[in-house]
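With the input below, show me the fold.
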Amino acid sequence: MDEFAALEATLASDEARSTIERVAWAICTDERQADYVIEESNHIYTPSEKTVWLFLGILLIPLGFGILILIALFKDGPLNEETHEICGRYFIAELGGVIEFECKNDVFTKLTFTRIEPTAIVGHHYVEFGDNGSSYLEFIILNGEAPNIRLWRLGGWHDGREFGKNYPKLVDFSERTGIRLSPGMLNRFGKWIP
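Residues are numbered from 1 along each chain as shown. Next comes the predicted model:
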């Protein structure tokens, strides 16, 4: 029995976490490009924007929405300072997975990493929303025993034609990441593939 096994596991875990943080920071500061950008948002909230949201939040308190607006506003930092928010999901081939982070004013408020299994494939599923049974099509990485990874979705009403419009993007993702497309998905939407 190795008496240092627990310590070695902790050190390996800390080293992996440090590597993930370094890669995320390099993406955040534009020192490095991700192998594939799944989703990205880069926004600067100015003091004037925050002031408008403050007044709107105060006005909407009687309806209940104001409290939610104010909570979101105060999470973005002081009212009299700019808040630079970068968030996104990125495929990193070197790590063999997807990094998802949110960075506000150079501080990570969220940082997760999901390793992609060798048997993973790109598939789809429908996500229901609203009370009337509406749904939208969402592309995901079916990741075996690990958690599935959401890629992107087709908003609003969809049919096979929307799949056809997004097919080149799916093929590009598959080629750049080395993750196969689900044969079942291709069979289902085959007549709309250009």
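
residue closest to the middle of this structure?
Arg89 (3.7 Å; CA atoms, centre = their mean).

In a helix, it, correct?
No: Arg89 is assigned strand when assessed by DSSP: H, G, I helix; E, B strand; the rest coil, not a helix.

Report the beta-bridge partner residues of it.
Glu39, Glu100 (DSSP bridges).

Which residues does stretch 119-127 contact?
135-144, 146, 151, 153, 170, 173-174, 179-182, 184-185 (CB atoms under 8 Å, 6 or more residues apart in numbering). C-betas here are computed from N, CA, C, even on glycine.

mean confidence score for that stretch?
Stretch 119-127 carries an average pLDDT of 84.

ok, now how distant is Asp35 from Asn187?
Per CB to CB, to the nearest Å, Asp35 is found 28 Å from Asn187.

Look at those two and report which has more neighbours.
Asp35 (14 against 9; other CB atoms under 10 Å).

right, and the more buried one touches Phe91 too?
Yes: between Asp35 and Phe91 there is a contact at 5.3 Å, judged by CB atoms under 8 Å.

overlap in contacts of these two?
Common neighbours of Asp35 and Phe91 (criterion: CB under 8 Å, 6+ apart): Arg176, Thr177.

Quick one: mark the members of the contacts of stretch 119-127 that sit in strands.
Among those, the ones falling in strands (DSSP state E) are Ser135, Tyr136, Leu137, Glu138, Phe139, Ile140, Ile141, Leu142, Leu151, Arg153, Arg180, Leu181.

one step back: buried among the contacts of stretch 119-127? Need that as a selection in ChimeraX.
In ChimeraX syntax, the buried subset of these is picked out as below (16 or more other CB atoms under 10 Å):
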select :137,138,139,140,141,142,143,151,153,170,173,179,181,182,185
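
can you list the domain ranges for this protein.
Domain assignment for the chain by automatic domain parsing gives 5-42+86-115, 47-75, 121-192.

Tell me how far the shortest one lies from the chain's centre.
Same thing as domain 47-75. Taking CA atoms, centre = their mean, to the nearest Å, one finds domain 47-75 lying 26 Å from the centre of the chain it belongs to.

Between all of the ones in strands among the contacts of stretch 119-127, which two are separated the most?
The most widely separated members of the ones in strands among the contacts of stretch 119-127, counting by CB to CB, are Ser135 and Arg180 (25.0 Å).

Many thanks, I have nothing further to ask.
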